[in-house]
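Visitor: Fold the following and give me the result.
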Amino acid sequence: MQDEVRSADVFYEAPTGAGTVRLLARRLTTSWPDLTGQTLLGLGYTTPFLPLWERQTAFAVAARLDPPPAHPNSRSPIPECLVDGAKLPFPDLCFDRILMVHALETTQASRDLLRAVWKVLRDDGKLILIVPNRRGIWAHSDTTPFGQGTPFSQRQLREHLRQSMFHVETCETALYPPPFSPLHRASRVSDVIERAGRAVLPACGGVVVAEAVKDMWGGLPLPASKSRFRLRRKVMEAV
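Guide: Below is the predicted model of the structure:
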């Protein structure tokens, strides 16, 4: 997974990475337009995205699942840390929002990771997951971090979240321009492709973007039903 970390750092410093951030930022700020006074956790590789809410949040931190590169990006205004995905070093119920990018598809223990996320997310908190789309071209390009790990379809991601006690509120695809630098340098062209892709091929974007909330009732046992039984012996009234 070290290669995935290095590729993400290199990718987001290139024009294609900058264009990717610009296109996905619109989806993210539409879902979360105002996080004033809230706590935010970025899990995976979220350094390019967390500054979208830098001036709003009360606290924000970027948590990597792998060691950072030898020369980390010192320009990032968001503090970073290294965590174990199965045991996040944060108190339970401490984050209002959690953003996961380049996390679920690269871990070998996805259920443990989502369970750990469930614990540190507040009961009314929300989670946004961005994963490579199995039907999209980006999942088949090993020159980008979206070509690493295991891609998901929308149905697979919904089921994965459901089994981890999350309720999916929205699930759609994004990032329709192919991963070529010239297209992402021309912002107007990439914007047109993005809008056309959503209208014509809504299931074929490069990534799946899902927003979910905690399913507080998913883990509760079903109420015990009344059972009937028959006595093997007759009960005789004493005289």
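Visitor: and Val213, what does it touch?
Guide: Asp124, Gly125, Lys126, Leu127, Phe166, His167, Glu169 (CB atoms under 8 Å, 6 or more residues apart in numbering). Heads up, the C-betas are built off the backbone N, CA and C, glycines and all.
Visitor: Now, of those residues, which are buried?
Guide: Buried residues within these, counting neighbours by 16 or more other CB atoms under 10 Å: Gly125, Lys126, Leu127, Phe166.
Visitor: before we move on, the earlier item: kindly indicate which of the contacts of Val213 lies nearest Leu175.
Guide: Leu127 (19.2 Å; CB to CB).
Visitor: what packs against the helix or strand harbouring that closest one?
Guide: In this structure, Leu127 is located in strand 121-132 according to DSSP states H and E. Using 3 or more CB pairs under 8 Å, 6 or more residues apart in numbering; DSSP states H and E, the elements in contact with strand 121-132 are helix 15-31, strand 95-101, helix 154-163, strand 207-214.
Visitor: Turn those into TSV, columns for distance to Leu43 and mean pLDDT.
Guide: Below are the helices and strands packed on strand 121-132 laid out as TSV (distance: least, CB to CB, whole Å; pLDDT from 0 to 100):
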stretch	distance to Leu43	mean pLDDT
helix 15-31	14	94
strand 95-101	5	98
helix 154-163	14	96
strand 207-214	14	97
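Visitor: Turn these into a markdown table, columns for distance to Thr47.
Guide: Shown next, in a markdown table, are those (distance: least, CB to CB, whole Å):
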| stretch | distance to Thr47 |
| --- | --- |
| helix 15-31 | 10 |
| strand 95-101 | 9 |
| helix 154-163 | 23 |
| strand 207-214 | 17 |
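Visitor: Compare these and give me the one nearest Glu194.
Guide: Here helix 15-31 is closest among the helices and strands packed on strand 121-132 (CB to CB), at 5.7 Å.
Visitor: The strand holding Leu127 pairs with which strands?
Guide: In the sheet containing strand 121-132, its partner strands are strand 95-101 (parallel), strand 207-214 (antiparallel), by DSSP bridges.
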